[in-house]
Structure formats: structure tokens, C-alpha cells
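[1] Build the 3D model from these lines:
(2 chains)
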Amino acid sequence: MKIVFVILFMVLLHVACSHLPEIRTLEESSAAGRTAGCGDIFLHGQWQLVHAIEIFPPVGSKQTVLGIIQLSSEQRTFHCVLMTIEGLVLFEADFDGAVTIQRALPPLDKPGMAEGIVQDISLLFFAPEQPCVAAGLSKEAAWICRYPSTDRGYQDIILQPDGRWEIHRYNQSHRLMRTIAPMAKEDIHAGGLPSRVVLKAHGLGSYELRMSLIEAVSLER
Amino acid sequence: MRIKTAKIRWLVPALALLCIGWADSWEQVKTTADSVTSVQAEFVQEKHLPILARPLVSKGVFYYQAPRSLRWEYRWPVQSILSMHDGRVRRFVSTDGAPGFREESGAGLEAMQVVMGEITQWLAGRFDDNPMFQTHLEAGRRIVLVPKDDAFQKVIRRIVLNLSQQPGVMQSVVIYESEDAFTQLTFSKTVINAKIEDTLFQKIP
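    Numbering: from 1, shown residues only, chains lettered A, B, ... in the order given. Here you go, the predicted model:
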């Protein structure tokens, strides 16, 4: 019984201590340009992307699937397909503000799974919807742009001095829920699409997605 | 010269006899398949989906050893090996940054266990053995398998096997998930009854 209280206390302590990283605002003229740079890490236009996705679930061994996504950054819509390497479609859905599931095989048919996939895709590929509410330097001298989200959480885009970047997603309790970053500096390319990127989901039921780009086709005419 | 011409005259009908008629009935298909102890071939897999501007292409090789050993190996764009030996299916994937192949489980592997079991049955000429499918042998060396179960039909609507003119050889397989979403496997460089080491089905590099 004691151990339950200790675990509960530690969880509550962790939640109570969650806070957003401090941002030191600057009055210099370059600040606006640096803030605009936060949006440059995302793709613009209409694209079809194919990734090999390694899924590291909270329990069990990892598995690799292929992910296909057709997206429009302006309309903030996409169509996504997850399938096995052998071509069996496990999950297919549309997102145009609402999720429409075309196909979901177990275990991807569990409640909340589709919404989770859509949220991860949106975080990976779409620039924040709301305007930046704060920007400046972190303690580590990285440039942070902070955006509010509709669920009263926040999204930080962090530009490191050496060119690397990260996305941090916080919930309304300011608890870190997701981090996204290119796996290595050499995975970052001009045009906003890294060749390898890792998404980490934190907290209970944590998981990790490692995505390697196979193909990127512009769908602009 | 006259002898050569005469030989060719005999050779052409003999080949024609070999090539035509090996898949006119289930009996013929089974009799031909009985003589097949091993198959190895290269394949190109095309995934067709309505949303895709062009099909998603994968390439690889497969090895079959009678009665039930199969190695299904993708070499591009993702390196992956599905191996079946003694009825056990295992998947190994090579990933960026990690040397060699790592074993995986999870979504799709159970379905692949069924599919690979089915492929070994087909390679042994037993197309109509599985009670889960309604099987038709059509003209033009075409075999169509339709799942009987409605729930199964939601995953796979039908499978079309196109047999080659060469006896015992499969030319292509098309797995339809819907009318406009399907996976096509086209085989080439097929070699029959060559010696394949058992270790190929048991050891992964």
C-alpha cells in the first residue's frame, strides 16, 4: 500500500512541477526574422510522402511499417495510409479538420488510436495554427518560438545555434507530451523535410516513432 | 542443315505440349506442382492505392523449399525478411543506424502467417485445399480465390494468380483489398528445383 502512495506522490509531484521553459525575449531587430524561421522547418504546398516508420511501443518489440501521406499545408488536410512492408493496409484515414477512418485493422482500431495518429501527423507536418505568442532565447541560447494550441496547451519550436531543431508539445498542465527532432544534423535539408526524424511520446503509454523518408513527391501542378 | 531443321520441327511442338495445357484442370496443376521441390525468383511488388500518384514499388527475392519452407525477402526500399520454417513465421527488418537485421512482431505478422502458409500451398499446387476460399480455375491459366467469410472479405476481397506458360511457374499474384486498392507481385528469373540450403530458411544475416 505504501508503495502505491509513493508512486502517486511522485506522479503528482511531477505534474505539479511541470512548467514551460523560460524564454528571454530580445529587443534586437533580428528577432522577427528568427521567429519567422520557426515556420520554415515545415513543408509548404501539396506533397506525397512515403516513410519507413519504426514503431517502438511501450510494451513488446518494435515493428516497421510504411507510411504514405498526401498533405496540403495551406488547407491543413491530409490522407494517410499505414501498411505493412508486404503491402497490407492496416490503417487509412482522411483529415480535413475532422477524422474519417476508411480502414483500421487491429490493433489500430482501438478507441482514440485514429485521433492519436492524426495528432502526431499534424504535429510532424503542419506549422502551428495559432500565431506565435512568445519568442526569444532559452537558457541554452537556442531560439524558441511558442504557440498556443486549441486545447490550451503549447507548442515550442526550438532552433539550435548549430542548425538543429526540435518541436516540443505541452499539454494544458504544461507537461511535455511529445518531442520531435531530426535524428542527426545531416538529416536536415533545405526545404523543411528531414530525411530521418524521431517522434517521442512521453508519459504513460510512451512510444517512439523513427521515420526514414523514402520518397517525397510534390503534387503542385 | 536438314537434320537441324527436322529437330527444330519436333522441338517446337514438344515445347508447345509442355507449355500449353499444364493448367487446364486442377489435376494437371497438381501433377505438375508435385515435381517441383524448390522455387526461387525475383519479384517486383506494386502497391496501388487510389490516393497514390504512382504505385509504391518494392523489390526482392523469394525462396521456396518443399514442403513448407519459405523465405520472402525485400531488398528495396526497406530491407526485410519473412521466413517460414516448420510452420513458424518470423519477420526481420534491417533499419538505419543499426547493423544487421532485428526480429519484429506486431500488426500484420499474424496475417502474414496465413498468407505465407497459403503461398506454400499454392507453390505445392494445392490451390483449392483451403476451405476459407472459393477457388476458380479460369481460362488463360488464371486462378481466382475469393474468401468465403464476410469479415475476411473486408480485409481481402479476392486473390488472382496468373500462372506462367512454363509449367509449375507463377507469373504474378494480385491481392485485391478493394477494386482500386491492390497489391501486384510480378515474378521473374524463376528457377525451379535448384538446390537451396536449409540454412537459408533458418539463419538471418
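[2] Let me know the helix or strand that the spatially most central residue of chain B is in.
    Taking C-alpha atoms, centre = their mean, the centroid of chain B lies closest to B:Ile119, which sits 5.7 Å from it. According to DSSP states H and E, B:Ile119 maps onto helix B:109-123.
[3] what sits up against that helix?
    By C-beta atoms under 8 Å, 6 or more residues apart in numbering or on different chains, the residues outside helix B:109-123 that reach it are A:63, A:84, A:86, A:88, A:105, B:33, B:36, B:39, B:64, B:66-70, B:72, B:82, B:84, B:87, B:89, B:91, B:127, B:129-130, B:155, B:161, B:170. Just so you know, the C-beta spots here come from the backbone N, C-alpha and C atoms, and that holds for glycine as well.
[4] Show me what counts as buried in stretch A:76-84.
    Residues A:78-84 are the ones in stretch A:76-84 that count as buried (16 or more other C-beta atoms under 10 Å in any protein chain shown).
[5] which bits of chain B sit near chain A?
    By C-beta under 8 Å from any C-beta of the partner chain, the residues of chain B that approach chain A are B:45, B:47, B:49, B:51-54, B:56, B:58, B:72, B:74, B:77-78, B:80, B:82, B:93, B:95-97, B:102-109, B:111-112, B:115, B:155, B:175, B:177, B:181, B:183.
[6] Narrow those to those that are buried.
    If we count by 16+ other C-beta under 10 Å, those have these buried: B:45, B:47, B:49, B:51-52, B:56, B:58, B:72, B:74, B:77-78, B:80, B:82, B:93, B:95, B:102, B:104, B:106-109, B:111-112, B:115, B:155, B:175, B:177, B:181, B:183.
[7] In strands, which of the residues you listed appear?
    Using DSSP state E, the subset of these located in strands is B:45, B:47, B:56, B:58, B:72, B:74, B:80, B:82, B:93, B:102, B:104, B:175, B:177, B:181, B:183.
[8] Quick check: what element follows the worst-scoring helix or strand of chain A on mean pLDDT along the chain?
    Least confident helix or strand of chain A, by mean pLDDT, DSSP states H and E, is helix A:2-17 with a mean of 53. Counting by DSSP H and E, the next helix or strand C-terminal to helix A:2-17 is helix A:31-37.
[9] What residues sit buried inside stretch A:152-166?
    In stretch A:152-166, counting by 16+ other C-beta under 10 Å, buried: A:153-159, A:164-166.
[10] ends of it, how far apart?
    20 Å (C-alpha to C-alpha, to the nearest Å).
[11] cool, stretch B:155-174 as well?
    Span of stretch B:155-174 from end to end, C-alpha to C-alpha: 14 Å.
[12] ok, residue 131 - contacts?
    You didn't pick a chain, so chain A it is. Contacts for A:Pro131 (C-beta under 8 Å, 6+ apart) come out as A:Tyr147.
[13] hmm, I had chain B in mind actually
    Per C-beta under 8 Å, 6+ apart, neighbours of B:Pro131: B:Lys148.
[14] How about the residues of chain A by chain B?
    Contact residues, chain A versus chain B (C-beta under 8 Å from any C-beta): A:48, A:50, A:52, A:54-55, A:57, A:60-66, A:68, A:70, A:79, A:81, A:83-90, A:103, A:105-108, A:183, A:196, A:210, A:212, A:214-215, A:217, A:219.
[15] Could you pick out the buried ones from those?
    Buried among those by 16+ other C-beta under 10 Å: A:48, A:50, A:52, A:54-55, A:62-66, A:68, A:70, A:79, A:81, A:83-90, A:103, A:105, A:108, A:183, A:196, A:210, A:212, A:214.
[16] Now A:Gln160. Nearest residue, chain neighbours left out?
    Distance criterion C-beta to C-beta, 6 or more residues apart in numbering or on different chains; nearest residue to A:Gln160, sequence neighbours excluded, is A:Ala142 at 5.0 Å.
[17] Thank you, goodbye.
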